[in-house]
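Trainee: Sequence unavailable; structure follows:
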């Protein structure tokens, strides 16, 4: 068991999570409107999906990756439509007059929605495979313990990014008025819908 695989996975997870996309927009918006817990749980949903894709790449489950890639048209279509739904819902959402509190099914919904969104993007498996190869991890894994450390590192790196992002955004939360929150919803909804349209146009 080589602990260096954990740190390689950490770098992979962090680098794949960090670029701002629809999940990042959702995390920022939910942190501002519902609190840090909602933003962090949104990120952890994506981190869990990243861990699953990291598992597919790290353990060399070619039959799983082959199936996901072969079905990427339908998965991409479902993901695009879900982005449209989230975008419109976010755009039309009205900010609360009181302190937002999200618990129970609300937090579960934050987690599940980003998990689903990330999982319906099978092209992510190609990104993991490419980064693993670039780091030399794909050819150096000596067995299941090394692969497990790699996957654990991927999840930890992705979760670390979401922990940092939700923490930084939550610092500015109290500075936003109801008017500002309304525009946060509108801009976030428009951007998420645009990501859905872009994903739909890129289907092949």
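Mentor: Structure received. All figures in this text were calculated on a predicted structure; none of them were measured in a lab.
Trainee: you'd agree residue 186 is up against residue 94?
Mentor: No: counting by C-beta atoms under 8 Å, residue 94 is not a contact partner of residue 186; they are 10.8 Å apart. (Glycine included, C-beta is placed from N, CA and C.)
Trainee: Next secondary structure after the worst-scoring helix or strand of the chain on mean pLDDT?
Mentor: Within the chain, confidence by mean pLDDT, DSSP states H and E is lowest for helix 137-140 among all helices and strands, at a mean of 53. Tracing the chain C-terminally past helix 137-140 and defining elements by DSSP states H and E, one meets helix 144-171 next.
Trainee: Show me what counts as buried in that following helix.
Mentor: Taking 16 or more other C-beta atoms under 10 Å as the basis for neighbour counts, the residues of helix 144-171 that come out buried are 146-163, 165-166, 169-170.
Trainee: what does stretch 168-183 give?
Mentor: Buried positions in stretch 168-183, judged by neighbour count with 16+ other C-beta under 10 Å: 169-170, 173, 181.
Trainee: which residue is nearest the middle of the chain?
Mentor: residue 46 (3.0 Å; C-alpha atoms, centre = their mean).
Trainee: which stretches of the protein aren't confidently modelled?
Mentor: For the chain, the stretches flagged by pLDDT under 70 are 1, 60-69, 95-105, 122-123, 129-143, 204.
Trainee: quick one: the helices in it?
Mentor: Taking DSSP state H as the criterion, the chain carries its helices at 4-17, 22-34, 36-58, 62-70, 72-92, 105-119, 124-135, 137-140, 144-171, 178-201.
Trainee: Kindly spell out which helices and strands sit in contact with the second one.
Mentor: Using 3 or more C-beta pairs under 8 Å, 6 or more residues apart in numbering; DSSP states H and E as the contact criterion, the secondary-structure elements in contact with helix 22-34 are helix 36-58, helix 72-92, helix 105-119, helix 144-171, helix 178-201.
Trainee: Let's see that with 7 Å instead.
Mentor: The helices and strands touching helix 22-34, judged by 3 or more C-beta pairs under 7 Å, 6 or more residues apart in numbering; DSSP states H and E, are helix 36-58, helix 105-119, helix 144-171, helix 178-201.
Trainee: now it against helix 178-201, angle please.
Mentor: Interaxial angle of helix 22-34 relative to helix 178-201 (axes from the mean of the first three to the mean of the last three C-alpha atoms, to 10 degrees): 160 degrees.
Trainee: One more: the third one?
Mentor: For helix 36-58 and helix 178-201, the angle between their directions (the same axes, to 10 degrees) works out to 20 degrees.
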